[in-house]
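Chemist: Predicted model and sequence below, questions to follow.
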Amino acid sequence: MYVLGIETSCDETGVAIYHSSHGLIHHTLYSQIDMHKDYGGVVPELASRDHSRKLIPLIKASLEDSKLRANAINGIAYTAGPGLVGALLVAAATARSLAWAWQIPAIGVHHMEGHLLAPMLEKEKPDFPFLALLISGGHTLLIRVNALGNYELLGESLDDAVGEAFDKTAKLLGLNYPGGAKLAKLAEQGKPIASFPRPMTDRPGLDFSFSGLKTFALNTYHASEKTTQDKANIAAAFQQAIADTLAIKCKRALKQTQLTTLVVGGGVSANTHIRTVLSDMTAKEKCKIFFPRPEFCTDNGAMIAYAGCQRLLLGQHNDLNFTAHARWAIDEINY
Ligand code: KG4
Ligand code: ZN
């Protein structure tokens, strides 16, 4: 079964073709970063319009590059939420229209289920059940994954998501949007300042809070001489505090659930330092850890094509009354 996957939930237009037995056939991504960076963040209306401009040409090019005709496609998967509603509607309307024209089923995929299943696109795949840590620009989630479509939310961020905290801290250090990866680069030149807190680790529970850490970084910056080295030290301390906090909470969740496999996904899981700290923790705990390749940590069409394919194989699909959900809890999609 060939599945066309479409992702337009934020500032990336992702298109991919996944085959149920042959795996990923093709994937392509158009990033809108250059368009949004002058505004310091994503402008929703510009994002929607650009998705509309780019999506059909990307689908055409994907079919051509894969040497597939449209009638080879057996199903379409699109991100139905959560995300920017106007942006989501571009994929939803396009996918539904193509599915109607081609007389094939279409399915709306939860963006975070896409991130959660992204490691399944690699050669070495995790076995169910596992613990998933999803760290993106909009979400920080700890999930017990019992099976495909069986997700139990164990913890989440009570305020800023990890990626949001990275981007806001990057901004205050003078780094352009989206600052997460740039902050990580700057941190390489720094020596972490020890005083940064590890929020909510000294009390029980699996929820997170990162907005205080961002304020701590701001106050430390104002109290410093604001040199390049000061900025690098703050970046390193911030990144270290995030990595340690995530490792402490994941270790706690692994113990609590008695699971022995950790899957990490979402844009921030591309961060090398966080990958190292989490891998060291799982090695000590004699647990396995799985990450997507860095390009599938951030938003992409491949993870949507994969997740949609699994659901289509189970006979699921949506009817013509499609909707896009700006907010959508991951445990609402259980079946
Ligand atoms: O998953 P994603 O592409 O989009 C959402 O679903 O939100 O995640 C984007 C987030 C942004 O906040 C971005 O700054 C962050 O992931 N990010 C990183 C790195 N690469 C992307 N944060 C820290 N280190 C990185 N290397
Ligand atoms: Zn994402």
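Modeler: Good, I have the coordinates. Numbering: from 1, shown residues only. Ligands and ions are numbered 1, 2, ... in the order given.
Chemist: Please, which helix or strand holds the residue lying farthest from the centre of the chain?
Modeler: Most distant residue from the mean C-alpha position of the chain: Glu225, 35.2 Å away (CA atoms, centre = their mean). Using DSSP states H and E, Glu225 maps to neither a helix nor a strand.
Chemist: For it, give me its contacts.
Modeler: With contact set as CB atoms under 8 Å, 6 or more residues apart in numbering, Glu225 has no partners. The way it works is simple: take the backbone N, C-alpha and C, and place the C-beta from them, glycine included.
Chemist: Numbering from 17 from now on, please.
Modeler: Shifting the count to begin at 17 puts that one at Glu241.
Chemist: Roughly how far does it sit from ligand 1?
Modeler: 26 Å (CB to the nearest ligand atom, to the nearest Å).
Chemist: now that residue: how far from Lys247?
Modeler: Going from Glu241 to Lys247 by CB to CB, to the nearest Å gives 10 Å.
Chemist: same question, Ala109
Modeler: Counting by CB to CB, the gap from Ala109 to Lys247 is 44 Å.
Chemist: Of the two, which one has the most company?
Modeler: Each of Ala109 and Lys247 has its neighbours counted (other CB atoms under 10 Å); Lys247 has more, 21 against 15.
Chemist: Okay, and that one sits in which element?
Modeler: Short version, using DSSP H and E: Lys247 is in helix 244-273.
Chemist: Could you list every helix and strand in contact with that helix?
Modeler: Helices and strands touching helix 244-273, by 3 or more CB pairs under 8 Å, 6 or more residues apart in numbering; DSSP states H and E, are strand 146-151, strand 156-163, strand 166-172, helix 178-188, helix 196-203, helix 227-239, helix 288-300.
Chemist: quick one: it to chain centroid distance?
Modeler: 18 Å (CA atoms, centre = their mean, to the nearest Å).
Chemist: Show me what whatever helix or strand comes next after it pairs with in its sheet, parallel or antiparallel.
Modeler: Where DSSP H and E defines the elements, the next helix or strand beyond helix 244-273 is strand 277-281. Strand 277-281 pairs in its sheet with strand 146-151 (parallel), strand 304-306 (parallel), by DSSP bridges.
Chemist: Among those, which comes closest to Pro98?
Modeler: strand 146-151 (11.9 Å; CB to CB).
Chemist: what about the closest one, near ligand 1?
Modeler: No: Strand 146-151 lies apart from ligand 1 when judged by CB under 6 Å from any ligand atom; the minimum separation is 7.5 Å.
Chemist: which of the strands paired with strand 277-281 sits most buried?
Modeler: strand 146-151 (a mean of 26; mean count of other CB atoms under 10 Å).
Chemist: now that one: mean pLDDT?
Modeler: Strand 146-151 carries an average pLDDT of 98.
Chemist: what's it in contact with?
Modeler: Contacts for strand 146-151 (CB under 8 Å, 6+ apart): 128, 131-132, 156-161, 170, 177-179, 262, 265-266, 269-270, 273, 275, 277-285, 290, 294, 306.
Chemist: ditto for stretch 68-85
Modeler: So stretch 68-85 is contacted by 18, 20, 22, 24, 29, 31-33, 41-44, 46, 86, 89, 106-107, 110, 114 (CB under 8 Å, 6+ apart).
Chemist: likewise stretch 298-305?
Modeler: Against stretch 298-305 from outside (CB under 8 Å, 6+ apart): 142, 266-267, 270, 275-280, 294-295.
Chemist: Can you tell me, leaving aside adjacent residues, what's nearest to the residue in the stretch 217-351 of the chain that ligand 1 sits nearest to?
Modeler: Scanning the stretch 217-351 of the chain for the residue nearest ligand 1 gives Gly283, at 2.1 Å (criterion: CB to the nearest ligand atom). Closest residue to Gly283 apart from its sequence neighbours, by CB to CB, 6 or more residues apart in numbering: Thr314 at 4.3 Å.
Chemist: tell me the contacts of that neighbour?
Modeler: Counting by CB under 8 Å, 6+ apart, Thr314 has contacts 28, 283, 286.
Chemist: ok, back up a step: in ChimeraX, how would I select the buried members of the contacts of stretch 298-305?
Modeler: ChimeraX command restricting the contacts of stretch 298-305 to the buried ones, with burial defined by 16 or more other CB atoms under 10 Å:
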select :142,266,267,270,275,277,278,279,280,294
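Chemist: which two in the contacts of stretch 298-305 are spaced the farthest apart?
Modeler: Pro142 and Lys267 (17.5 Å).
Chemist: circling back to that earlier point, JSON lines for the contacts of Thr314, including secondary structure?
Modeler: Below are the contacts of Thr314 laid out as JSON lines (DSSP: H, G, I helix; E, B strand; the rest coil):
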{"residue": "Glu28", "secondary structure": "strand"}
{"residue": "Gly283", "secondary structure": "helix"}
{"residue": "Ala286", "secondary structure": "helix"}
